[in-house]
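Enquirer: sharing a sequence plus its predicted fold:
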Amino acid sequence: MKMVPMVIVTGCLLIFSAVLFISMLLPWHTISEAPSAVVRARTPLEEEGRRIYQNNGCTFCHTQFVRPFDWGSGSERISQSGDYVLDVPHLVGTERWGPDLSQEGGLHPDDWHVAHFINPRFVRPESVMPNWEFLGMDQIRALIAYKQSLGFKLADHRMARQNFWKEKALEAFRAGPDENVRWLHDHVPAPWRELPNPYPTTDYRLNRGKRIYQGFCIGCHGPIGDGMGPAQPYLDPPPLNFTLLKGRGISGGILYYQIMNGITGTAMPFFKEELESEKIWSVGEYVAVYFIGETDSRRETVTIDIANEIADSPLKKEEE
Amino acid sequence: MQLLKVEPNGTAKAFLLSSAIWFVVGTTLGGIDATHLAAPELIDNIPFLVFGRLRPMHTNTVIFGFVGTSLMGAGFYLIPVMTRTVLYSERLGKLALWVWNLSILSGNVLLGLGYSQSREYAEWIWPVDIGILTAFALIFVNYLMTTLRRQEKILYVSVWYLFAALVFTWCFYFFGNAVWNPRTGSLAGLADANLAWFYGHGIIGLFMTPLAVAVAYYIVPIVSRAPLYSHSLSLIGFWTILVLYSHIGAHHIIQTPIPTWLKVVAITGSLSMLLPVATVLVNLWLTMRGRLGVLHANIAGKFVFAGLVWYALVCIAGPLQALPSVQRVTHLNNWVIAHSHLGVLGFAGFIGLAGIWLIIPRIIGRPLYEKRLADIQYWLLIFGLTAFHLVLSTAGLIQGNSWLNGEAIYRTLPMMHIYMVLRLFSGLFIIGAAYIGLYNLLRTLYWPGKIKEGLP
Ligand code: HEM
Ligand code: HEM
């Protein structure tokens, strides 16, 4: 083959045309244009928020698609091609420094997002997301509107749930500590309310609890558990002051249940996806011992002893 | 018109110098970017430097500014040499240089101010795209007109690759940025994701790769003083890379709900990439075999050799990480970032540096200011990049396996911390190498002091 400029340039153009046809034009016309069942139009504020998301490169740390083998938040629904018909440009993403956001809408109430944008570490102490305070409240509001729309109709459904419970939670909060604590505990199923923490209080358990508290809770509930963490000024209702729980019927089971499922409508998220059972019991115990000053740990021992428990072994007592 | 001053090989020189400057800028931006991941509030609440804006400034600066500028600058020297003539127009070349550099600069400033299309390597907004396309066109015309006035009948394989790179890149850039949609620069939905990676992969596979291969094809035989092993292998490698590399972009999005046939095309194409890569590497290996000592006596030869070794490694890992079973672990995490740096800096960047160190002394007719500084740059880069790659690959495997086992992303962040500190640390070697390179180049060009003995 005689390689003269003509041959090279024409050859390149021919190959490019073929490739353009196969890899761009064909997919362009075969990828489904039909919106999936959840899609709805975005409001102007949500569109504005999407532009801010785009201009600030959020997509470099957050994806917007759920894979069949994902476990994280939003993985209740696997993404479909029809979910993206309104996206110009696409923001699918190729890296996860933070969670996938395709079903983010309604996972947290707006006030949580305000605190989180001002400084992500206020609510998520170990996050590496930048502070977005410099954007100003207007842009933050728009961003939040966009985030709360992710998942479209599913997000609307979750938002309605958030708003419904927010009203109830605020009502209870305004009625004073007695009323508020009663309201919180009334919504925990009875068997959980009566359940004591099944494990004895030990140093190692308290240390584990402390580690979890610092990684997950401290930003809202504060270093001394009085609900005055750095996120507090942004949250309404504010984070619970744990000391109020003393003498108000708290139990290990209630603590566990609330940490596991969160309190929808408030900034308290659920931790069931991030913390295993042992960790939830330990952090609950830490809160009970250090902040509430009242623990029901191992109040009754009607169970078969757990195989690795050494707290009540005679040897352990001797060592001490 | 001082800016468009005409001097022999002035365009090549200016491109190579610009590249060394972009290398410093790009790695510095990368360094700041890396601090964000190690200590998110160290550089805090400065809009221009926030991670999401800085990251595309870093990637575009190193890809277009550092790698692209050095390799195309080498082309400005190589095309006339290989066709035994002079450059068609130095003035046109200088014009291309300014359009090119100003586009890169303005694109980055705009990103810092918060104007982005948020599609990887296509973040620059429409006016910048037009500047880049213009620059590519000007460069192409200059290469082409030079070649048409050639004294040498036979076009060497490097010339083919330079032309292919420019033709393909122009087309990829035009379509990939959806230039007919000035406001958004994109299509809608998953078709846009596909287009963006059709483009993104074009920038990797048909901009950086053929340019770097072109320069390697020139430097290896010249420096090792041996004829190219085989013309037929050159031909096979050339046409197959154009056919295969151009349509595998969808391997970046095989976990999204794109059509299955597209995934099949991308994955089989990725595997078959071993063919053109092996062809080029075998051809060059058989050329330099037995002469590695000669090759390594020359700083450019050293850089090219290392670049080709990285190329082999990247292109063994690449096809594997296109496989769905592998991507379950490696996709979406630092594994890919490790791969990117190995490819863009290790392969394309090393060969760009080889171009700088080979061509500059030839143009100005003087040896380098300090050959030892170039050696130091080489070793800093070898160490820095090796560490960078090992650290990030490890981090990626930890992330990928943790996620697959059901660990929440938030829980894996504390595990990442030490790796981000180590990556910053290894990155400092790369950044240092960039500064040393620029210093050496400036001294060579403008303030050589006492001329040292020895040939370049
Ligand atoms: C045979 C050759 C190669 C193949 C088959 C290949 C394959 C791949 C695959 C499958 C990915 C996506 C990984 C993922 O997202 O999970 C990827 C990413 C990447 N590759 Fe390669 N690669 C090859 C060579 C190269 C070379 C030579 C370079 C540099 C010049 C390079 C630069 C990149 C970059 C920058 C990315 C990251 C894209 C992003 O997500 O931003 N690759 N490659
Ligand atoms: C010339 C040298 C370099 C080149 C060619 C280069 C190239 C790249 C490329 C192509 C990407 C995008 C990767 C992807 O999307 O998959 C990237 C990302 C990045 N690079 Fe570099 N880089 C260089 C040097 C550095 C240095 C010295 C540092 C830091 C010390 C650095 C830090 C980063 C960071 C933090 C990211 C973003 C990673 C993330 O999103 O997780 N780079 N670089």
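Expert: Received it, and whenever you're ready, just let me know what you need. Ligands and ions are numbered 1, 2, ... in the order given.
Enquirer: wait, B:Glu152 touches B:Ile79, no?
Expert: No. If you go by C-beta atoms under 8 Å, B:Glu152 and B:Ile79 don't touch, sitting 10.8 Å apart. All C-beta atoms are positioned from the backbone trio N, CA, C, and that covers glycine.
Enquirer: close to ligand 2: what parts of chain B are there?
Expert: Listed as neighbours of ligand 2 in chain B under the rule C-beta under 6 Å from any ligand atom: B:23, B:26-27, B:30-31, B:33-34, B:37, B:55, B:58-59, B:62-63, B:66, B:120, B:336-337, B:340-341, B:344-345, B:349, B:424, B:427, B:430-431.
Enquirer: re earlier: could you check which of B:Glu152 and B:Ile79 is surrounded by more residues?
Expert: Between B:Glu152 and B:Ile79, counting by other C-beta atoms under 10 Å in any protein chain shown, B:Ile79 is the more crowded of the two (27 against 13).
Enquirer: I figured that one hits B:Val141, correct?
Expert: No. Judged on C-beta under 8 Å, B:Ile79 makes no contact with B:Val141 at a distance of 12.0 Å.
Enquirer: would you quantify the distance from A:Glu167 to chain B?
Expert: Distance, A:Glu167 to chain B, using C-beta to the nearest C-beta, to the nearest Å: 29 Å.
Enquirer: state the helix or strand in which that residue lies.
Expert: Counting by DSSP states H and E, the element that carries A:Glu167 is helix A:153-174.
Enquirer: give me the contacts around that helix.
Expert: For helix A:153-174, contacts defined as C-beta atoms under 8 Å, 6 or more residues apart in numbering or on different chains pick out A:37-40, A:77, A:103-109, A:148-149, A:151, A:179-180, A:183-184, A:236-238, A:263-266.
Enquirer: ok, and for the helix or strand that contains B:Leu242, which residues are buried?
Expert: Here B:Leu242 sits within helix B:231-245, counting by DSSP H and E. With burial defined by 16 or more other C-beta atoms under 10 Å in any protein chain shown, the residues of helix B:231-245 counted as buried are B:233-234, B:236-242, B:244-245.
Enquirer: ok, the residues you listed vs ligand 1, which is closest?
Expert: Distance to ligand 1, by C-beta to the nearest ligand atom, is smallest for B:Tyr245 among these, at 7.4 Å.
Enquirer: check the closest one and give its pLDDT.
Expert: Note on B:Tyr245: pLDDT of 90.
Enquirer: is it true that it touches B:Ile203?
Expert: No. At 11.2 Å, B:Tyr245 and B:Ile203 do not qualify as touching, with contact defined as C-beta under 8 Å.
Enquirer: return the residues of the stretch 251-400 of chain B in contact with chain A.
Expert: In this structure, the stretch 251-400 of chain B approaches chain A at residues B:252-253, B:255-259, B:262, B:265, B:328, B:331-333, B:336-337, B:399, judged by C-beta under 8 Å from any C-beta of the partner chain.
Enquirer: distance-wise, check whichever residue of chain A sits closest to chain B relative to A:Asn131.
Expert: Taking C-beta to the nearest C-beta, chain B has its nearest neighbour within chain A at A:Gly57, 2.7 Å off. Per C-beta to C-beta, to the nearest Å, A:Gly57 is found 15 Å from A:Asn131.
Enquirer: ok, those two, which is more surrounded?
Expert: A:Gly57 (23 against 18).
Enquirer: can you pull the contacts of the nearest residue to the more buried one once chain neighbours are set aside?
Expert: Of all residues beyond its chain neighbours, the one nearest A:Gly57 is B:Gly52 (2.7 Å), with distances taken as C-beta to C-beta, 6 or more residues apart in numbering or on different chains. Contacts for B:Gly52 (C-beta under 8 Å, 6+ apart) come out as A:56-61, A:130.
Enquirer: which SS state does B:Gly52 fall under?
Expert: helix (DSSP: H, G, I helix; E, B strand; the rest coil).
Enquirer: again with B:Gly449
Expert: Following three-state DSSP, B:Gly449 is assigned to coil.
Enquirer: what sits against it?
Expert: B:369, B:443 are the contacts of B:Gly449 under C-beta under 8 Å, 6+ apart.
Enquirer: 10 Å - rerun?
Expert: B:369-370, B:443 (C-beta atoms under 10 Å, 6 or more residues apart in numbering or on different chains).
Enquirer: hmm, which of those are the buried ones?
Expert: Judged by 16+ other C-beta under 10 Å, buried ones among those: B:369-370.
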